[in-house]
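A.B. asks: Need coordinates for the below:
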Amino acid sequence: MTLDKVRRGEQIKVISIGDSRTKERALRMGIDAGTVLTCSEVVPAGPVVVSKNRQELAIGRAFARHINVEVLARADATRLAKPALKSETCR
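C.D. replies: Coordinates of the predicted model:
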């Protein structure tokens, strides 16, 4: 499975990274084989946002297609539900 296919909230482990140029770019972001990441957000037609050690990284889909991952933990729907916005009356 590649990084562009992960879902929000899944904990993943990087298995392999495409060619040497892609590996070099990933290493600059602190991502290497064996790195454990959590998917924070998947922007429709946009980047995959992952977090690692309190740092969030937005990874473009084209780049994410070259990063092979393994899902360690599936998303928990109740934990990921965004709180509803409170409507306030203007006075």
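
A.B. asks: So, low pLDDT: which residues of this protein?
C.D. replies: Counting by pLDDT under 70, the chain contains low-confidence ranges at 76-91.

A.B. asks: What ranges does it have for its helices?
C.D. replies: 20-28, 61-64, 77-80 (DSSP state H).

A.B. asks: want to throw those helices into TSV with mean neighbour count and distance to N53?
C.D. replies: (C-beta placed from N, C-alpha, C; glycine too.) Formatted as TSV, those follow (neighbours: other CB atoms under 10 Å; distance: least, CB to CB, whole Å):
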stretch	mean neighbour count	distance to N53
helix 20-28	13	15
helix 61-64	15	19
helix 77-80	8	20
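
A.B. asks: closest one to Q11 among these?
C.D. replies: Of all those, helix 77-80 sits nearest to Q11, with 11.8 Å by CB to CB.

A.B. asks: returning to that earlier point: output the helices of the chain as a markdown table; include the columns distance to T35.
C.D. replies: Below are the helices of the chain laid out as a markdown table (distance: least, CB to CB, whole Å):
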| stretch | distance to T35 |
| --- | --- |
| helix 20-28 | 9 |
| helix 61-64 | 14 |
| helix 77-80 | 22 |
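
A.B. asks: Alright, calling it a day.
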